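Chemist: here is my input, please return the structure:
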Amino acid sequence: MKPTLPRLYLIRHGETEWSRSGRHTGRTDLPLTEQGTVMARRLRPYLANTPFELVLTSPLLRARDTCMLAGLGEQARISADLSEWDYGDYEGRSSDDICKEAPGWNIFRDGCPNGETPAQVAERADRLIAGILALEGNIALFSHGHFGCALAVRWIGLAILEGQHFALDPASVSVLGPKPGHPQIPVIAKWNAGPLQAELQIGAEDGHVSH
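Modeler: Okay, the predicted model is just below:
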């Protein structure tokens with residue numbers, strides 16, 4: 001057995017026009033907004049002191065640009081398995097809009113018509129994890145909101161449906177790794193963190209969060 005599991009730094013891309021407005025963005029290759037670019041640049045000092053053995057990014061522009069702006073673009077390799085959930089007929093629509101025609105719709109249970117099913121996304125996450133388990137050290141993964149949640153639940157061995165209980169903010173950093181003292185047990189060591197999230201937390205404590 002390997003002495004310890006690798007540590008996966010799961011990084012969601014910065015803001016896009018559709019992520020800001022709550023529209024599901026799968027294969028549509030949107031760029032970062034101006035604010036999304038600022039978010040991505042602020043990841044650079046946050047990640048600068050972590051040596052990465054491997055950097056993988058989704059092929060979609062918003063993830064690749066976030067990776068570049070975060071200072072890891074020169075190391076990056078493209079992994080199609082890190083792409084966002086294929087929303088099929090629901091591409092570009094908000095959850096509220098979808099639920100008007102499909103009451104109670106839950107992507108982690110129902111998937112998307114003419115898009116990916118939960119089983120297909122789980123299979124993609126499992127394939128990615130299987131390849132990573134052969135590696136050691138820190139690995140950076142630049143990906144997306146729904147797929148990031150799917151990857152996290154599969155890392156700790158939960159059913160894909162449990163992804164409904166997770167959420168990732170733009171330009172957030174989560175860490176999936178081994179449990180301290182138990183190097184073969186996968187855990188979520190950090191979730192939805194990063195420079196922007198830290199500022200929001202401080203603002204909330206001080207009573208100065210703006211919406």
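
Chemist: hey, let's count contacts and neighbours off CA atoms from now on
Modeler: Fine.

Chemist: where does Gly104 land in three-state SS?
Modeler: coil (DSSP: H, G, I helix; E, B strand; the rest coil).

Chemist: quick one: it and Ala189, what's the gap?
Modeler: Using CA to CA, to the nearest Å, Gly104 is found at 31 Å from Ala189.

Chemist: show me which residues of the helix or strand containing Tyr46 are buried.
Modeler: Using DSSP states H and E, Tyr46 sits within helix 34-47. Neighbour-count burial for helix 34-47, with 16 or more other CA atoms under 10 Å as criterion, is recorded at 36-44, 47.

Chemist: just the residues you listed now: which is nearest Pro180?
Modeler: Nearest to Pro180 among those, counting by CA to CA, is Leu47 at 21.2 Å.

Chemist: got a list of what the closest one touches?
Modeler: Counting by CA atoms under 8 Å, 6 or more residues apart in numbering, Leu47 touches Ala70.

Chemist: next one, pLDDT for it please.
Modeler: pLDDT for Leu47: 96.

Chemist: and the one 4 residues further on, by the same measure?
Modeler: Reading off the per-residue confidence, Pro51 sits at a pLDDT of 97.

Chemist: in this structure, which segments are predicted with low confidence?
Modeler: Counting by pLDDT under 70, the ranges of the chain that qualify are 1-2, 198-211.

Chemist: now the helices for it?
Modeler: Using DSSP state H, the helices found in the chain span residues 17-21, 34-47, 61-69, 95-101, 107-110, 118-132, 145-155, 195-206.
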